[in-house]
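Novice: Prediction below, plus the sequence it came from.
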Amino acid sequence: MNQIVKTIAILVIFGILVGVAYAQFAKPEDAIKYRQSVMFIIAQHFGRLGAMVKGKQPFDQKTFVSNAAVIENLAGLPWEAFLVPGSDRGKTTMKSSVLKNPEDLKGLTQNFETEVGKLSAAARAGDFKAAKARFGAVAQSCKSCHSKTRK
C-alpha cells in the first residue's frame with residue numbers, strides 16, 4: 001500500500017512538472033520572445049569575447065572566462081522554445097522547417113553546446129591561443145545553425 005501511495009505521488013509531481021514546462025510558453029509569442037532574449041544575451045557575451053579575439057579589446061583572462069561561462073550556462077536554454085507550435089510565425093526569422101524537422105535542430109544545438117563547452121574549458125585553462133581557435137569553432141556552429149534555421 002505504501003508503495004502505491006509513493007508511486008501515485010511521483011506521478012502527480014511529474015504531471016505537475018510537465019504541465020509547468022508546457023505552460024512556460026502558453027503562447028507562441030512567449031516562446032519567440034524567450035528564445036530571442038536568450039540569443040541576444042549570448043550574442044552580447046560572444047561579442048565581448050570576439051572583441052578580445054580580434055584585438056579590439058585587450059585580452060583579460062578573468063573577463064574572458066566570465067563571458068565564456070555565461071554563454072556556456074545559457075547554451076542549452078533556447079532550444080525548447082524553437083519547437084513550440086506556431087512559433088515560426090510572427091516576429092521571428094525562424095524557418096517553418098525547424099518545426100517539421102526537430103532532429104535537425106537537435107544536431108545543430110548539440111554541436112553548439114559541445115563547442116561552447118570546449119571554448120569555456122580553454123578559457124578556464126588560460127590558453128588564449130586555444131580559446132581563439134575554439135571561438136572560431138563556436139562562431140562556425142552559430143553560422144551553420146543560422147543558415148539552416150533562419151528565413
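Specialist: Sure, I can see it.
Novice: For the rest of this, base every contact and every neighbour count on C-alpha atoms.
Specialist: Will do.
Novice: thought residue 113 was touching residue 71?
Specialist: No. With contact defined as C-alpha atoms under 8 Å, residue 113 does not reach residue 71; the gap is 9.3 Å.
Novice: Neighbour count: the two, which is higher?
Specialist: Taking neighbours as other C-alpha atoms under 10 Å, residue 113 and residue 71 compare with residue 71 leading, 24 against 19.
Novice: right, and residue 124 touches residue 65 too?
Specialist: Yes. With contact defined as C-alpha under 8 Å, residue 124 reaches residue 65; the gap is 5.8 Å.
Novice: State the number of residues packed around residue 125.
Specialist: Residue 125 has 13 nearby residues by other C-alpha under 10 Å.
Novice: before we move on, what about residue 112?
Specialist: Neighbour tally, residue 112, other C-alpha under 10 Å: 23.
Novice: Report the separation between it and residue 128.
Specialist: 20 Å (C-alpha to C-alpha, to the nearest Å).
Novice: In the protein, which residue is most central in space?
Specialist: residue 75 (3.1 Å; C-alpha atoms, centre = their mean).
Novice: ok, that one - contacts?
Specialist: 42, 112-113, 116 (C-alpha atoms under 8 Å, 6 or more residues apart in numbering).
Novice: For the protein, which helix extends over the most residues?
Specialist: helix 28-53 (DSSP state H).
Novice: How far does that one sit from its chain's centre?
Specialist: Remark: helix 28-53 is offset 9 Å from the chain centroid, using C-alpha atoms, centre = their mean, to the nearest Å.
Novice: Name the SS class of residue 90, please.
Specialist: coil (DSSP: H, G, I helix; E, B strand; the rest coil).
Novice: Count residues in the vicinity of the nearest residue in space to it that is not next to it in sequence, would you?
Specialist: The shortest distance from residue 90 to any non-neighbouring residue, by C-alpha to C-alpha, 6 or more residues apart in numbering, is to residue 29 (7.4 Å). Counted by other C-alpha under 10 Å, the residues lying close to residue 29 total 18.
Novice: same check, this time on residue 131
Specialist: 24.
Novice: Next: residue 55.
Specialist: 10.
Novice: for the one 5 residues further on, same thing?
Specialist: Under the neighbour criterion other C-alpha under 10 Å, residue 60 is assigned a count of 12.
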